[in-house]
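Student: after the sequence you'll find the predicted model.
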Amino acid sequence: MMDSKLFRQRTMCVFALMAMLFLLSCSSNAGSKQEMAATTQSDAARQHFNEGLEIFEKIRFNDARSHFSEAISADPDFALAHLYRALTSISVADFEEHLQKAFDLKDKVSDGERLLIEATHANTAENNPRIRSTDTPQAGPKV
């Protein structure tokens with residue numbers, strides 16, 4: 001069972017991501033299905049990720065978790081899949097493992113993905129000494 005502080009942090013991250021996804025969907029064309037830009041070379045990983053993201057947006061985290069796990073199986077270096085796998089984890093150890101993996105891969109993704117990963121990591125690392133905070137990013141865009 002997660003301790004209450006980490007649970008609150010994780011819940012805040014999930015709600016922040018959901019709010020961002022909601023705002024992005026409001027700006028998209030009505031009726032058109034859009035996929036989140038995600039850095040992977042695997043079509044199978046991208047398909048599993050997008051299916052998981054669609055389910056995640058419906059707050060069906062247990063169902064989404066399996067799709068994010070499949071995306072990671074298809075591409076172990078898929079940073080966003082690790083981030084969302086962390087957000088749907090059911091244990092502290094699983095959350096920390098996938099969040100750290102996403103953070104370790106942040107330099108191989110687009111700026112938007114990197115900022116999302118860094119923000120989630122910084123929010124968590126600030127209150128959890130078990131997550132490496134030595135690499136917590138400075139504010140501002142990557143140069």
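Tutor: In hand now; what should we look at?
Student: quick one: low-confidence ranges for the protein?
Tutor: 1-36, 125-143 (pLDDT under 70).
Student: let's see 90
Tutor: Within the chain, the ranges that satisfy pLDDT under 90 run 1-38, 92, 111-112, 116, 119-143.
Student: now the helices for it?
Tutor: Ranges of helices in the chain, per DSSP state H, are 4-27, 43-57, 61-74, 79-87, 92-104, 111-125.
Student: can you get me a residue count around the residue lying closest to Ile55 once chain neighbours are set aside?
Tutor: Nearest-residue entry for Ile55: Ala64, 4.2 Å, with adjacent residues in sequence omitted and distances by Cβ to Cβ, 6 or more residues apart in numbering. Placement of C-beta: from N, CA and C, glycine included. Using other Cβ atoms under 10 Å, Ala64 is surrounded by 23 other residues.
Student: how about stretch 65-84 as PDB, C-alpha atoms only?
Tutor: Only the C-alpha atoms of stretch 65-84 are listed here, as PDB (Å, rounded to 0.1, in the frame of the first residue of the first chain):
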ATOM      1  CA  ARG A  65      -1.800  -0.200 -17.100                       C
ATOM      2  CA  SER A  66      -1.700  -3.400 -19.200                       C
ATOM      3  CA  HIS A  67      -1.500  -1.300 -22.500                       C
ATOM      4  CA  PHE A  68       1.400   0.800 -21.100                       C
ATOM      5  CA  SER A  69       3.100  -2.500 -20.100                       C
ATOM      6  CA  GLU A  70       2.600  -3.900 -23.600                       C
ATOM      7  CA  ALA A  71       4.100  -0.600 -25.100                       C
ATOM      8  CA  ILE A  72       7.100  -1.000 -22.900                       C
ATOM      9  CA  SER A  73       7.500  -4.700 -23.900                       C
ATOM     10  CA  ALA A  74       7.500  -3.600 -27.600                       C
ATOM     11  CA  ASP A  75       9.900  -0.700 -26.900                       C
ATOM     12  CA  PRO A  76      11.700  -0.800 -23.500                       C
ATOM     13  CA  ASP A  77      13.100   2.700 -24.200                       C
ATOM     14  CA  PHE A  78       9.600   4.300 -24.600                       C
ATOM     15  CA  ALA A  79       9.800   7.100 -22.000                       C
ATOM     16  CA  LEU A  80       6.200   8.200 -22.100                       C
ATOM     17  CA  ALA A  81       5.000   4.600 -21.700                       C
ATOM     18  CA  HIS A  82       7.200   4.400 -18.600                       C
ATOM     19  CA  LEU A  83       5.800   7.700 -17.300                       C
ATOM     20  CA  TYR A  84       2.100   6.600 -17.700                       C
END
